[in-house]
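# Quick one, structure for this:
(chains A and B, ligands or ions: 2)
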Amino acid sequence: MNNRKRKAGGLSKYSQLLVPLIAILVLVIFNLIRDPGFFSVGLTTNNNGDPVLQGNLISILNGASELVILSMGMTLVTAACGGQDISVGALAAIAGSVFVKVLKSGGGSISPLLVLGGFLMCCAVAMVFGAFNGSLVAFFNIQPMIATLILFTCGRSIAYWINGGATPTVSSPIINAVGSFIPGIPIPTPILIVLLMGGLFALLFRFTTLGLYIQAVGINQSAARLNGINAVGIKLLSFVILGVCCAVAGMIGVSRLGLINHETLLINIEMDAILAVAIGGNNLGGGKFKMIGSVLGAYAIQALTITLYAMKVPSTDVKAYKAVVIVLLVVMGSPVVKEAADRFTKRIRAARRSDTGKEAA
Amino acid sequence: MKEDIVLTMRGICKVFPGVMALNGVDFTLRKGEIHALMGENGAGKSTLIKVLTGVYPKDAGEIRVDGVDEAITIRSPQEAQSYGISTVYQEISLCPNLTVAENMFIGRTRGGTVNWKAMEKRAGELLDSLGIPARPRQQLSNCSLAVQQMVAIARAVDTECKVLILDEPTSSLDDKEVEMLFRLMRDLKARGVGIIFVTHFLEQVYEVSDRITVLRNGELVGEYEVEKLPQVQLVAMMIGRELENLSVIRKENPAGAAKKEVRYEARQLSSTESRPFDFYIGKGEVNGFTGLLGSGRSESVRAIFGADPVTGGEVKMEGKKARITKPLDAMKNGIGYLPEDRKRDGIIADLSVRDNIILALQVLRGMGHPISRAKAEAFADEYIKALGIKTASTDTPIGSLSGGNQQKVILARWLLTHPKYLILDEPTRGIDVGTKTEIQKLVLKLAEEGMSVTFISSEIEEMLRTCSRLIVMRDRNIVGELTGDELTQSHVMHTIAGGGGDSE
Ligand SMILES: Nc1ncnc2c1ncn2[C@@H]1O[C@H](COP(=O)(O)OP(=O)(O)OP(=O)(O)O)[C@@H](O)[C@H]1O
Ligand SMILES: [Mg+2]
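Numbers count the residues shown, from 1 in each chain, chains lettered A, B, ... in the order given. Ligands and ions are numbered 1, 2, ... in the order given. As a prediction, the model looks like this:
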């Protein structure tokens, strides 16, 4: 096990991105063969008379937004704590409910300020819940999956309770702009929000040592602590950051539909988020991570889903097909396969060397 | 194959990215001999062993064992075992929370069912026959390191064992425990087992070995019979040059001079792991804690650094009251600490050598002030050169360095923070003889420049060479303090054992 890890470390730094990239490439080729126009992007006008981009490519990128954002946060929790948060869907529902609750408190008129307030409020609430999960993990050393099982179980009940059991709708041009298009900009807003989040994380890693600390804690907590790193704090922080991701994802989800359905909002997304992290080549046992891997993994999952729908696979069967493909991807990324591939390339190279040697002779 | 030869390796090569770890190495092991494998840090000893046991595939060469007519390929430790080759690796790899018996048989039961009764009985017999003082049902973590080591050996020799490999088995044992281990080794030797023994302790080599094979930079230097190879010559072969005289490198520190300017002082300091004790160290002083393993010396320095939760006491840094309850407090006060257990507390295995070197400095600078890549690179290069760290690049994960080179990286990490007070717990563990003197000299040079250093080592000679004051511990209490003329081997041993005429 250890030696395998060591070997993987010796490979090129970006080799872990190979699996999600191959997956995306295969899906692209597959779709292009099936329907050469599959990825064509067109400019049309929407109901409001604004120009908007349309096409399968856009719906993949757009539809993946919540998943991408959640898998970013999930990557950090996985790396620092060596486990996964299974309550992200439930927490997004709570955040979404809080968002709607604040919007409703305006008594019908929804001002930009109120939306901002709603967003900050749902972030704050999600951070508190994130900190709750995080403290169970960091202080009490509970396995992340077990710790977050609590919120996973009761989160949607809390969401239900926030709006008194109703599924209130909110309609406002601002919410519409968040969930679909900002007038004048043809790119769906969720895609822009993903870019913004990606940029924020890039800045965070560039201008703080968070990345180094998270990896150090995830690899060897005891050594990290003896080097002055507050391991408990770092774990807690990773959960709080994931909380913010849940809030953003929840807000996008609510804005898309203009309503909150606490039972169905981002249902089952936690499994896809964990898968995205795994497909991205990140070790689910914690330690070194590459966030870009998880992001690519998330897009690969979404591309797969859209492809299946485009092939008119009944929605009840989609899950089964997805499962098959995901098994393939995860096996492809496993150390056993990597090592075999390693040996294979080595043998080819050796053969080539001896060939050229013979020619020279 | 000749009658008494159990194993031959011919022309073994092994390449890692950027390193030629082994280059055409030959090795021969005879029946019932103890064969020492010697060489500097990174010479390729562990790699040779891992090739032999199928952890790494070899890139060239052939391996033959007694009883098989053709050259064999070993693809896994299990397969090695089937040829009668058993190993205890450099790092103990048992499960501390299982029992002794479970550790001895885990992963080796046939058919998926376990007969616990029979297993315990068999374990008990084996422990008895080898004279290992452990009970089958005892939890492994309750045994001393030496006994754990011996359990690992018992696990290794239980199967039809013709070749037993011990990679630095004694580096964390004290003299008595080493003696115990040697008895076990001689016993196995008498039963005809061929033993490959890797160590950096020359005296031990001369005490138990029959033959020595020396490696340098992945190449074979030669194979010698112990009687025909004087120690000085052996060292010269290992490091490729003559070693300077070791005996007197300690600058005589006039008694009392150290007392003039106190750098760090603790009164009735205690932690969850250590009893209250008083301690001080002067500017530019090198002192040390000594005592048997488990006497509380490591726990004491851990308390100073705040590594274990501090429960009481008063601490002064350069005369000013300081509050040190966690490692970061200590670091901010200019204290550095190289821990005893490198694998558990020192290295961050998957991170690069560069990240491992800058880690402590980075933490001191704070989260909002990352060290730029270029600067980190420069720091890493500087210390790789200064300490002679053997690594393919600054980007190599520290986990793939040889044991001794990992240790140097951790040392570099603390030197980079330019501490005022540096605590070194077993800094030379797993370090080769040449580098050992380098490190001792480094310590003295740093002290000359004003750094205070507390030094802990299981080798009393090493302590005598560097420290001007020794604090002796027994049963978790300080039982004596030796300075000046009292700093002799016999006096120290005496005080440790409790017969000393010193304070009690
Ligand atoms: N898995 C690995 N990946 C890359 N390089 C490696 C790996 N294992 C060992 N090396 C390199 O091979 C060389 C030999 O290492 P090895 O561990 O065999 O040394 P050693 O003789 O056991 O040293 P020590 O006395 O320090 O334990 C070193 O330069 C080391 O960096
Ligand atoms: Mg070694």
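# Please make it C-alpha for all contacts and neighbour counts, starting now.
Fine.
# Does the most centrally placed residue in chain A lie in a helix or a strand, and which?
The C-alpha lying nearest the average C-alpha coordinate of chain A belongs to residue A:71 (CA atoms, centre = their mean; 2.1 Å). Per DSSP states H and E: residue A:71 is located in helix A:65-81.
# In contact with residue A:37, which residues?
Going by CA atoms under 8 Å, 6 or more residues apart in numbering or on different chains, residue A:37 touches no other residue.
# isn't residue B:350 right up against residue B:397?
Yes. Contact criterion CA atoms under 8 Å: residue B:350 and residue B:397 qualify, at 5.2 Å.
# Number of residues surrounding the closest residue to residue B:178 other than its chain neighbours?
Counting by CA to CA, 6 or more residues apart in numbering or on different chains, residue B:178 lies nearest to residue B:170, which is 6.2 Å off, once chain neighbours are set aside. The burial count assigned to residue B:170 is 26, neighbours taken as other CA atoms under 10 Å in any protein chain shown.
# likewise residue B:118?
10.
# Quick check: which ranges of the chain have low pLDDT?
I'll assume chain A. Within chain A, the segments meeting pLDDT under 70 span A:1-13, A:350, A:353-361.
# Chain B, not that one
For chain B, the ranges with pLDDT under 70 are B:1-3, B:90-92, B:107-113, B:159, B:242-260, B:499-504.
# Who are the contact partners of the most centrally placed residue in it?
Ranked by distance to the mean C-alpha position of chain B (CA atoms, centre = their mean), the top residue is residue B:429 at 3.3 Å. By CA under 8 Å, 6+ apart, the contact list for residue B:429 reads B:171, B:172, B:404, B:407.
# Which helix or strand contains residue A:117?
Per DSSP H and E: helix A:112-138 holds residue A:117.
# I'd like to check the angle between that helix and helix A:65-81, please.
For helix A:112-138 against helix A:65-81, the angle by axes from the mean of the first three to the mean of the last three CA atoms, to 10 degrees is 30 degrees.
# circling back to that earlier point, give me the secondary structure label for the residue nearest to residue B:178.
coil (DSSP: H, G, I helix; E, B strand; the rest coil).
# Now do it against ligand 1, distance only.
Going from residue B:170 to ligand 1 by CA to the nearest ligand atom, to the nearest Å gives 13 Å.
# my guess is that residue contacts residue B:180, does it?
No. Here residue B:170 lies out of contact with residue B:180, judged by CA under 8 Å, at a distance of 10.6 Å.
# what's the domain layout of chain B?
Using automatic domain parsing, the domain parsing of chain B gives B:2-229, B:249-334+B:420-487, B:339-418.
# Out of those domains, the one nearest residue A:273 is which?
Counting by CA to CA, residue A:273 lies closest to domain B:339-418 out of the domains of chain B; the figure is 24.2 Å.
# which residues does residue B:36 contact?
Contacts of residue B:36 (CA under 8 Å, 6+ apart): B:196, B:197, B:198, B:199, B:205, B:209, B:210, B:211, B:212, B:213.
# What helices and strands are in contact with the helix holding residue A:117?
If you count contacts as 3 or more CA pairs under 8 Å, 6 or more residues apart in numbering or on different chains; DSSP states H and E, helix A:112-138 packs onto helix A:88-104, helix A:144-162, helix A:173-179, helix A:231-257.
# winner for burial among those?
Most buried of the helices and strands packed on helix A:112-138, by mean neighbour count (mean count of other CA atoms under 10 Å in any protein chain shown): helix A:88-104, with a mean of 29.
# centre of the chain versus it, how much separation?
18 Å (CA atoms, centre = their mean, to the nearest Å).
# try stretch B:179-188
20 Å.
# Same check on stretch A:301-309?
Going by CA atoms, centre = their mean, where stretch A:301-309 is centred and where its chain is centred differ by 15 Å.
# just stretch A:74-82 next, same as before
Computed by CA atoms, centre = their mean, the chain-centroid distance of stretch A:74-82 equals 12 Å.
# next one: stretch A:142-161
19 Å.
# which residues does residue A:228 contact?
B:326, B:327, B:328, B:329, B:331, B:360, B:363, B:364.
# now those residues in CSV, with distance to chain A, secondary structure and neighbour count?
Below are those laid out as CSV (distance: CA to the nearest CA, whole Å; DSSP: H, G, I helix; E, B strand; the rest coil; neighbours: other CA atoms under 10 Å in any protein chain shown):
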residue, distance to chain A, secondary structure, neighbour count
B:326, 8, coil, 21
B:327, 5, helix, 26
B:328, 4, helix, 24
B:329, 8, helix, 17
B:331, 7, helix, 27
B:360, 5, helix, 25
B:363, 6, helix, 25
B:364, 8, helix, 18
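# Let me have these in a markdown table, extended by distance to ligand 1.
Formatted as a markdown table, the contacts of residue A:228 follow (distance: CA to the nearest ligand atom, whole Å):
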| residue | distance to ligand 1 |
| --- | --- |
| B:326 | 31 |
| B:327 | 28 |
| B:328 | 29 |
| B:329 | 32 |
| B:331 | 28 |
| B:360 | 22 |
| B:363 | 26 |
| B:364 | 28 |
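# gap between residue B:47 and ligand 1?
From residue B:47 across to ligand 1, the span is 4 Å (CA to the nearest ligand atom).
# An error on my part: the question was meant for residue A:188.
In terms of CA to the nearest ligand atom, residue A:188 sits 47 Å off from ligand 1.
# That residue and residue A:181 touch, don't they?
Yes. Assessed by CA under 8 Å, residue A:188 is found in contact with residue A:181 at 4.9 Å.
# anything in contact with each of the two?
Common neighbours of residue A:188 and residue A:181 (CA under 8 Å, 6+ apart) are residue A:52.
# Point out the residues in the stretch 1-150 of chain B that sit beside chain A.
Contact residues, the stretch 1-150 of chain B versus chain A (CA under 8 Å from any CA of the partner chain): B:17, B:55.
# cool, and the stretch 351-500 of chain B?
B:351, B:355, B:359-360, B:363-364, B:367-370, B:396-397, B:399-400.
# rerun that using 7 Å as the cut-off
B:360, B:363, B:367, B:368, B:369, B:370, B:396, B:397, B:399, B:400 (CA under 7 Å from any CA of the partner chain).
# List buried members of those by neighbour count.
B:360, B:363, B:367, B:370, B:396, B:397, B:399, B:400 (16 or more other CA atoms under 10 Å in any protein chain shown).
# Could you export those residues as CSV, including secondary structure?
Below are these laid out as CSV (three-state DSSP):
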residue, secondary structure
B:360, helix
B:363, helix
B:367, coil
B:370, coil
B:396, coil
B:397, strand
B:399, helix
B:400, helix
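# Can you pick out the most distant pair from those residues?
Maximum pairwise distance in those, criterion CA to CA, is 27.7 Å, between B:367 and B:400.
# show me the contacts for the residue in the stretch 51-200 of chain A that ligand 1 sits nearest to.
For the stretch 51-200 of chain A and ligand 1, the shortest gap (CA to the nearest ligand atom) falls at residue A:79, measuring 22.6 Å. Residues near residue A:79 by CA atoms under 7 Å, 6 or more residues apart in numbering or on different chains: A:214, A:215, A:218, A:286, A:287, A:288, A:289.
# The spatially closest residue to residue A:296 that is not a sequence neighbour in helix, strand or coil?
Excluding the flanking residues, the one nearest residue A:296 by CA to CA, 6+ apart is residue A:20, at 5.8 Å. What three-state DSSP gives for residue A:20 is helix.
# Residue A:20: neighbouring residues, count only.
Using other CA under 10 Å, residue A:20 is surrounded by 28 other residues.
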